[in-house]
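S.K.: Next one to model:
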Amino acid sequence: TLLLLARRSWKEQTRDKTALIIKYALNTFFTLMFSFVYFRMPFDQTSLQDRTGILFFQAMNQAFGSSIGISQVIPVQLKVVRRERAAGLYGSLPYFLATFLTVIPLEAVPQLVYTIALYFLTGLRPGVSHVFTFVGIMMLENFVAIGLGLVLSASFKEPEMAGQIAPAVVVLFLMFSGYFLNEASIPVWIGWIKYISFIRYAFQALCVNEFRGGTFTCSEDDLAIGRCVQGDQWLQQLNFAEV
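M.R.: Next comes the predicted model:
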């Protein structure tokens with residue numbers, strides 16, 4: 001049953017070849033654009049902000065790309081699934097598992113390729129452990145985004161409704177990621193949202209992997225204005241020192 005459901009889900013999700021080509025083409029375009037905008041960043045004071053920016057864009061892109069794209073998967077198939085479940089052909093678990101398994105190669109595998117390419121083209125922190133940590137964080141966030149997309153997809157009957165709600169949910173998590181607003185500045189009464197923001201955890205982990213224990217050069221101009229920040233100090237400014 002699981003194999004048959006996976007086959008049908010795969011056919012359903014790969015039916016529109018044009019949409020897939022456009023999606024992957026756009027992902028390739030933005031990966032190359034970010035890679036060349038941030039190409040081979042030096043380890044100086046200016047790059048602290050640049051590196052933080054590209055890390056945030058990566059965390060944001062993973063969240064938006066997977067969760068919003070998948071949010072319309074289930075509503076499209078809902079009528080058929082309800083009829084087949086009513087006939088006792090299968091339960092909810094095999095269907096969701098089959099959908100998840102077919103989404104992985106369509107979403108996670110391309111993102112893995114884009115992530116590795118961007119890492120080396122932008123000149124993020126060298127070292128095998130840092131590379132694998134970065135890729136691992138990105139893949140974990142991608143899986144969470146896929147899970148969120150499936151939850152939202154299962155919550156609405158109409159594809160249009162799922163497509164409208166999913167961006168709003170991701171933007172809410174985005175607001176409390178720690179980039180737009182320092183965590184120390186978040187009002188107490190609404191601060192609880194940051195604890196359920198998977199983008200926040202991914203962004204913090206990426207920053208710690210990139211900056212903790214890192215050294216950055218200081219030019220004479222930097223020293224003249226009293227600016228010579230190292231990786232650990234930068235994490236303190238982001239309020240990520242305790243992560």
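S.K.: other SSEs contacting the longest helix along the chain?
M.R.: Ranked by residue count, the top helix of the chain under DSSP state H comes out as helix 92-122. The contact analysis (3 or more CB pairs under 8 Å, 6 or more residues apart in numbering; DSSP states H and E) places helix 92-122 against helix 2-13, helix 17-37, helix 45-70, helix 73-86, helix 128-154. For the C-beta atoms, the positions are set from N, CA and C on the backbone; glycine is no exception.
S.K.: what residue ranges in the protein score low on pLDDT?
M.R.: Along the chain, no part satisfies pLDDT under 70.
S.K.: Any idea how many residues pack against Val128?
M.R.: As a burial measure, Val128 scores 7 neighbours (other CB atoms under 10 Å).
S.K.: what do you get for Gln49?
M.R.: 9.
S.K.: and the longest helix of the chain with helix 17-37, angle?
M.R.: Orientation of helix 92-122 against helix 17-37 (axes from the mean of the first three to the mean of the last three CA atoms, to 10 degrees) gives an angle of 30 degrees.
S.K.: Show me which residues of helix 92-122 are buried.
M.R.: 94-96, 98-100, 102-103, 106-108, 110-111, 114-115, 118-119, 121-122 (16 or more other CB atoms under 10 Å).
S.K.: Find the nearest non-adjacent residue to the most centrally placed residue in the chain, please.
M.R.: By CA atoms, centre = their mean, the chain has its centre lying nearest to Gln62, at 2.2 Å. Sequence neighbours aside, Glu141 is the residue nearest to Gln62 in space, at 4.7 Å (criterion: CB to CB, 6 or more residues apart in numbering).
S.K.: quick one: that neighbour and Ala202 touch, right?
M.R.: Yes. Glu141 lies in contact with Ala202 (CB atoms under 8 Å); the separation is 4.0 Å.
S.K.: shared neighbours of the two, anything?
M.R.: Ala59, Gln62, Ala63 (CB atoms under 8 Å, 6 or more residues apart in numbering).
S.K.: Can you lay out the residues you listed as JSON lines showing distance to Leu235?
M.R.: What follows is the shared contacts of Glu141 and Ala202, written out as JSON lines (distance: CB to CB, whole Å):
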{"residue": "Ala59", "distance to Leu235": "16"}
{"residue": "Gln62", "distance to Leu235": "21"}
{"residue": "Ala63", "distance to Leu235": "22"}
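S.K.: Among those residues, which one lies nearest to Ser129?
M.R.: Using CB to CB, Ala59 comes nearest to Ser129 of the shared contacts of Glu141 and Ala202, at 19.6 Å.
S.K.: you'd agree the closest one is up against Leu206?
M.R.: Yes. If you go by CB under 8 Å, Ala59 and Leu206 touch, sitting 6.2 Å apart.
S.K.: Which one's more surrounded, the two?
M.R.: Ala59 (27 against 23).
S.K.: Distance check, the more buried one against Gln77.
M.R.: Separation of Ala59 from Gln77 (CB to CB, to the nearest Å) stands at 30 Å.
S.K.: what's the answer for Arg85, then?
M.R.: Counting by CB to CB, the gap from Arg85 to Gln77 is 11 Å.
S.K.: Enumerate every residue touching the residue nearest to Gln62.
M.R.: Taking CB under 8 Å, 6+ apart as the test, what Glu141 contacts is Ala59, Gln62, Ala63, Phe198, Ile199, Tyr201, Ala202.
S.K.: Of the residues you listed, which pair is most distant in space?
M.R.: Longest span within the contacts of Glu141, CB to CB: Gln62 and Tyr201, 11.9 Å.
S.K.: Export the contacts of Glu141 to JSON lines and append columns for distance to Met161.
M.R.: As requested, the contacts of Glu141 are arranged in JSON lines below (distance: CB to CB, whole Å):
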{"residue": "Ala59", "distance to Met161": "26"}
{"residue": "Gln62", "distance to Met161": "24"}
{"residue": "Ala63", "distance to Met161": "20"}
{"residue": "Phe198", "distance to Met161": "22"}
{"residue": "Ile199", "distance to Met161": "23"}
{"residue": "Tyr201", "distance to Met161": "28"}
{"residue": "Ala202", "distance to Met161": "27"}
